[in-house]
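J.: Next comes the sequence, and after it the predicted model I'd like to discuss.
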Amino acid sequence: MSQTSGGVPRILHLHSTFSAGGKEVRCARLMNAWGPRLHHTIISAEPEAMAAAALIDRGVPVDYPQDFPSLKGKPTPGRLARLARAMRGFDLVCTYNWGAMDAVMAHRVFARAFDLPPLVHHEDGFNEDEAERLKPTRNLYRRAALGGAEAVIVPSTGLEATAREVWGQPARRVHRIANGIDTAAFAAAPDPAALPMPKPEGQRWVGTLAGLRPVKQLPTLVEACAALPPAWHLVICGEGPERAAILAAADRHGMADRVHLPGAVDPARVVGLFDIFALSSASEQFPLSVVEAMAAGLPVAAPDVGDIAAILAEPNRAFITPPQDTPALSAALVQLASDGALRASLGAANQTRAQAEFDLAAMLGRYTAVYASAMQREF
């Protein structure tokens, strides 16, 4: 099955994108934790979206080949065969989200013919085209493609139910692994030099970490922050195609001098600079950024999507608002902004919960177990 048996296991990662979003940051952190025990090859369906590569430690064996078949295109037999051939020579294939589903199908169709390694699929959520309702044709395709997977890893209860009930995956194949982080790193003092702009004395920040994509509804977050006092600014850390739309919303709501887009950042160095963490997404599952904010001791305001409410400490759940309700999100932010003691108490409760429930060590152990079982070898 593998041409590398006996050496360092080689893992092929086929990503929908490798921008510095939640799943990509998690992937980089796992790679760093495994260090030289694994060799990684990373492919992105969006070849220009590779910002998360900067988060991988120099000592981690990793390569980024430029000649891998495109993950995009019509799923013709010839194209699927080319994808399948490119998977040979690895010990494990890891696929991520809908953008890599053609590779999952290629593996399903050609695994025996090409003696392919096992495949583990990771599903972390949906883009704006499926934020409100999954597409029936895609569900059928997923159901067929995933039939050949060794395991399906999801971070949330909602995705676990979808994988089992909609995509027909047996319980033994589906693994719900909560996203975890190095909580100690986020509890440490942040680094003001990690951002291109200073935080003046007396200024307060609502911050978020997100890919600048339509599903994150970041222009809505700009609108929600417009009611805050002048000392409050909005800092949106991430990269993506929605930058112009966010800046246009800032102009429209009189926030042009209070909205900052510093680009991709190292979250552990930056999150502690925020005073409130906020999301405005139309769809989430188990957002890593919320756990990072909790570990840094921040209160959170966000819509009630995915597992966000369940992730947070109980007192903070009062600031989880109905989805698509911008006035409610704005009201939650205004209340938090007006009460420093409340922010501190909620942040402390969130930090305690993050340290107890969502540390990196537990996540690392479970991922290691699933990958080792799929490959039938320890590492």
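T.: Yes, it's here.
J.: okay, CA-based contacts and neighbour counts for the rest of this
T.: Fine.
J.: What ranges does the protein have for its helices?
T.: Assigned by DSSP state H, the chain shows helices spanning 22-34, 77-86, 101-114, 136-145, 157-161, 183-187, 218-225, 243-252, 267-270, 288-295, 308-311, 326-337, 340-357, 360-375.
J.: Relative to Leu71, which of those helices is closest?
T.: Evaluated with C-alpha to C-alpha, the helices of the chain place helix 101-114 nearest to Leu71, the distance being 6.8 Å.
J.: what angle separates the closest one from helix 77-86?
T.: 70 degrees (axes from the mean of the first three to the mean of the last three C-alpha atoms, to 10 degrees).
J.: ok so, going back, tell me which of the helices of the chain is the most buried.
T.: Of all the helices of the chain, helix 288-295 has the most neighbours on average by mean count of other C-alpha atoms under 10 Å, namely a mean of 28.
J.: Would you mind pulling up the elements that it packs against?
T.: Helix 288-295 sits against helix 22-34, helix 183-187, strand 300-303, helix 340-357, with contacts defined as 3 or more C-alpha pairs under 8 Å, 6 or more residues apart in numbering; DSSP states H and E.
J.: where does the stretch 101-250 of the chain have low pLDDT?
T.: Within the stretch 101-250 of the chain, the segments meeting pLDDT under 70 span 131.
J.: could you redo the last one with a cut-off of 80?
T.: Applying pLDDT under 80 to the stretch 101-250 of the chain flags residues 127-128, 131-132.
J.: Can I get the helices of the chain in CSV including distance to Glu128?
T.: Output for the helices of the chain, formatted as CSV (distance: least, C-alpha to C-alpha, whole Å):
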stretch, distance to Glu128
helix 22-34, 16
helix 77-86, 26
helix 101-114, 17
helix 136-145, 14
helix 157-161, 16
helix 183-187, 30
helix 218-225, 13
helix 243-252, 15
helix 267-270, 24
helix 288-295, 19
helix 308-311, 18
helix 326-337, 17
helix 340-357, 28
helix 360-375, 28
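J.: who wins for proximity to Val206 among the helices and strands packed on helix 288-295?
T.: It's strand 300-303; of these, that one is closest to Val206 (C-alpha to C-alpha) at 9.6 Å.
J.: what pairs with that closest one, and is each one parallel or antiparallel?
T.: strand 276-278 (parallel), strand 320-321 (parallel) (DSSP bridges).
J.: Would you format those strands as a markdown table with distance to Val8 included?
T.: Shown next, in a markdown table, are these (distance: least, C-alpha to C-alpha, whole Å):
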| stretch | distance to Val8 |
| --- | --- |
| strand 276-278 | 40 |
| strand 320-321 | 45 |
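J.: closest to Ala309 out of the helices and strands packed on helix 288-295?
T.: Of all these, strand 300-303 sits nearest to Ala309, with 8.7 Å by C-alpha to C-alpha.
J.: residues making contact with the closest one?
T.: 276-282, 290, 293-294, 308, 316, 319-325, 329, 332-333 (C-alpha atoms under 8 Å, 6 or more residues apart in numbering).
J.: same thing with stretch 261-275?
T.: 20, 51, 55, 185-187, 189-192, 194-197, 204-207, 209, 235-239, 243, 292-293, 296-299, 343.
J.: In PyMOL, how would I select the buried members of those?
T.: Typed into PyMOL, the line below selects the buried ones among these, using 16 or more other C-alpha atoms under 10 Å:
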select buried, resi 20+51+55+186+187+190+194+195+204+205+206+207+209+235+236+237+238+239+243+292+293+296+297+298+299+343
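J.: thinking again about what came up before, would TSV of the helices and strands packed on helix 288-295 with distance to Ser44 be doable?
T.: Conversion of the helices and strands packed on helix 288-295 to TSV gives the following (distance: least, C-alpha to C-alpha, whole Å):
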stretch	distance to Ser44
helix 22-34	11
helix 183-187	28
strand 300-303	29
helix 340-357	30
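J.: mind checking which of the ones you listed is nearest Leu159?
T.: Judging the helices and strands packed on helix 288-295 by C-alpha to C-alpha, what sits closest to Leu159 is helix 22-34, at 14.1 Å.
J.: Next, the angle from the closest one to helix 360-375.
T.: Using the same axes, to 10 degrees: helix 22-34 against helix 360-375 is 90 degrees.
J.: Name the surrounding residues that touch helix 22-34.
T.: Here helix 22-34 makes contact (C-alpha under 8 Å, 6+ apart) with 17-18, 38, 52-53, 55-57, 60, 124, 179-181, 210, 287-289, 364.
J.: Also stretch 145-154?
T.: 101-102, 104-108, 118-124, 160, 163, 167, 169, 173-178, 370, 374.
J.: Stretch 203-211 now?
T.: 19-22, 216, 231-240, 267, 271, 273-279, 289.
J.: Can you tell me, leaving aside adjacent residues, what's nearest to Asp191?
T.: Nearest residue to Asp191, sequence neighbours excluded (C-alpha to C-alpha, 6 or more residues apart in numbering): Arg269, at 5.1 Å.
J.: Pull up the gap between the one you found and Trp34, please.
T.: Distance of Arg269 to Trp34, computed by C-alpha to C-alpha, to the nearest Å: 22 Å.
J.: I figured Pro315 hits Leu346, correct?
T.: Yes. With contact defined as C-alpha atoms under 8 Å, Pro315 counts as touching Leu346 (6.5 Å).
J.: residues near Asp339, how many?
T.: 10 (other C-alpha atoms under 10 Å).
J.: Apologies, that question was intended for Glu378.
T.: Around Glu378 there are 11 residues (other C-alpha under 10 Å).
J.: If we ignore the residues flanking it in sequence, what's nearest it?
T.: Ala372 (5.2 Å).
J.: pretty sure that neighbour is touching Leu364, no?
T.: No. Here Ala372 does not reach Leu364: they are 11.9 Å apart, not a contact under C-alpha under 8 Å.
J.: and this protein, what are its domains?
T.: Domain ranges of the chain: 10-180+359-375, 183-357, per automatic domain parsing.
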